[in-house]
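Participant: 3D, please:
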Amino acid sequence: MTQTATYDAELQLFINGSWRSGEGGDAAPVINPATGETIAEVPLASTGDLDEALAAAERAWPAWRALDVEKRAAILHGAAALLRERAPAIGALLTQEQGKPLTEAIGEVIGSAQMFDFFAEEAKRAYGRVLVRPTGQRSIVIPQAVGPTATFTPWNFPIYLLAKKVAAALAAGCTVISKPPEETPGCTGAMARALSDAGIPAGVFQLVHGVPDAVSRHLIGSPVIRKVSFTGSIPVGKHLMKLCADGLKRVTMELGGHAPVLVFDDCDLEKTLDVVVPQKFRNAGQVCVSPTRFYVQDGIYEAFARGFAERTGKLKVGNGLTEGTNMGPLANGRRVPAIAGLVEDARAKGARVLAGGEAGTQGFFFPPTVLADVPLEAEAMNNEPFGPLALMAPFGTEDEAIEQANRLPYGLAAFAFTENGRRANRLGDAVEAGMVGINTFAISVADAPFGGVKESGFGSEGGVEGLQSYQVVKAIHQA
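Facilitator: The predicted structure follows:
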């Protein structure tokens, strides 16, 4: 694959089992972040389009929730197989829309397929339970689909985050209207085509694009929608929760984080550095669980900072379609000055720039950047950078490290590196986060819950908890 790969995507809405352009004729540009060029236009849904999607989801729900679970599972498995088969082509679309290296993009598509396979099988294990009652009486508790669902997903992992929500909701027996990001319509449309080609009935899954606030207000304001799932920023999450309150709609909120990494002096230093550097700059740091605040014990602080900067300097930055690229551009032009501003603020307050720090001139590039001795008052230490920015500060004791990890109102993910087993147990208990990785970053997997605490949201995606988030519980008593 070369930098001149053709952007070959048929951008449409998917409503009531058919593909169409928006009724109103409005469209938004799709920009390749590696070049800054407009490569396509995505049609935007009108109010009439949204109303048709709502009506179709409501009509389709009774038959879909009543469909035998094996038949629902077969459709999800079919979509998974098509995603794997089409992964190279879908990955190329994703790279051109979002910027990440092609190998990462293809891996995201494969991960999306795994979500469909997992939830296809997990739906078969939604058992419920039988309560103990006198002879001749029965009381049972059963899970049932909550109903038509609206999902809203961001641009950093556009197909994976969409699949994580849609696969669970469909497996539970819900119908779904999804609004993925307008920045990445080709790859998310490709996921919708995989479901369509796998035989999803009309109205069961629908995909719409549009002005985010207008679409969210319209869908959430409809009595048809009974559940909302959102991944995105904390301010937008709070706004959507207020909209949901009027209809007492169930919500899952996977919001921002600011992941601390506690590095103790008993870790395997070289092995740790080999793991943390590529993880920090994966997807240009545009990851809600990206390791960002590196708190390193005094005894190894300078060696860690030096080794981190050396490895960072060897990363190849460029177009994600170019072979050997380790990090692509940021997803949009807004992120470049935002990251530059954080770097300048930290530098002005005493931080040392060990690598990177200066924006590129073409496309939306910002180099992988390492800052040492970053003070607590630096803006980047308090607000999620969401970019290729690694922040370092030393600590002395375990208690000090835990205090820093828990200092902020966020609690999505946290990480620690230590060879002390007792310490690992203590950290797992004491760090306030929905997910804690100790000597690993592998925390986003299909069979485990993914979600945060404090202002990073609530509810889980992935695992049995992800399926349960699209179910309600009913108790049936018989005498």
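Participant: name all residues that make contact with Ala123.
Facilitator: If you count contacts by Cβ atoms under 8 Å, 6 or more residues apart in numbering, Ala123 has them with 69, 72-73, 171-173, 467. For glycine as for every other residue, the C-beta is placed from the backbone atoms N, C-alpha and C.
Participant: if you set the cut-off to 10 Å instead, what comes out?
Facilitator: Neighbour list for Ala123: 69-70, 72-73, 76, 143, 145, 167-168, 170-173, 467, 471 [criterion: Cβ atoms under 10 Å, 6 or more residues apart in numbering].
Participant: mind listing the helices for the stretch 301-450 of the chain?
Facilitator: For the stretch 301-450 of the chain, helices defined by DSSP state H, counting those that start in this stretch occupy the ranges 301-313, 335-348, 398-405, 421-430.
Participant: Ser196 is nearest to which of these?
Facilitator: helix 335-348 (32.9 Å; Cβ to Cβ).
Participant: what comes up buried for that closest one?
Facilitator: When neighbours are counted by 16 or more other Cβ atoms under 10 Å, the buried residues of helix 335-348 are found to be 335-336, 338-340, 342-343, 346.
Participant: got it, and stretch 283-303?
Facilitator: Neighbour count says stretch 283-303 has 283-297, 300-301 buried, by 16+ other Cβ under 10 Å.
Participant: Val261 is nearest to which of the helices of the stretch 301-450 of the chain?
Facilitator: Comparing the helices of the stretch 301-450 of the chain by Cβ to Cβ, helix 398-405 comes nearest, at 8.8 Å.
Participant: other residues contacting the closest one?
Facilitator: Contacts for helix 398-405 (Cβ under 10 Å, 6+ apart): 259-264, 293, 295-298, 376, 381, 393-395, 397, 411, 414-416, 418, 420, 423, 426-427, 429-433, 436.
Participant: so what pLDDT did Ala87 get?
Facilitator: At Ala87, the pLDDT value in this model is 98.
Participant: just checking, it touches Met191?
Facilitator: No - using Cβ atoms under 10 Å, Ala87 is not in contact with Met191, being 11.2 Å away.
Participant: between those two, who's got more neighbours?
Facilitator: Taking other Cβ atoms under 10 Å, Ala87 and Met191 do not tie; Met191 has more neighbours (29 against 20).
Participant: just to revisit the earlier point, mind putting the buried residues of helix 335-348 into a markdown table with pLDDT?
Facilitator: Formatted as a markdown table, these follow (pLDDT from 0 to 100):
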| residue | pLDDT |
| --- | --- |
| Arg335 | 93 |
| Val336 | 95 |
| Ala338 | 96 |
| Ile339 | 97 |
| Ala340 | 96 |
| Leu342 | 97 |
| Val343 | 97 |
| Ala346 | 98 |
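Participant: out of these, who's nearest Val228?
Facilitator: Distances from Val228 to these, taken by Cβ to Cβ, are shortest for Arg335, at 26.3 Å.
Participant: residue contacts, the closest one?
Facilitator: 33, 284-286, 329, 364, 366, 385-388.
Participant: which element, helix or strand, includes Glu41?
Facilitator: Element membership for Glu41, per DSSP states H and E: strand 37-43.
Participant: what comes into contact with that strand?
Facilitator: Counting by Cβ under 10 Å, 6+ apart, 6-13, 20-32, 49, 93, 96-97, 180-186, 188-189, 208-210, 363 sit against strand 37-43.
Participant: PyMOL command for the buried members of these?
Facilitator: Command for PyMOL that selects the buried part of the contacts of strand 37-43, burial taken from 16+ other Cβ under 10 Å:
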select buried, resi 9+11+12+13+21+22+23+26+27+28+30+31+32+49+93+96+97+180+181+182+183+184+185+186+188+189+208+209+210+363
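Participant: and the contacts of strand 37-43, which of them are in helices?
Facilitator: 49, 93, 96-97, 185-186, 188-189 (DSSP state H).
Participant: the helix or strand that contains Ala73 - contacts with which helices or strands?
Facilitator: Assigned by DSSP H and E, Ala73 belongs to helix 69-85. In terms of contacts (3 or more Cβ pairs under 10 Å, 6 or more residues apart in numbering; DSSP states H and E), helix 69-85 is packed against helix 47-66, helix 87-98, helix 102-122, helix 158-172, helix 185-197.
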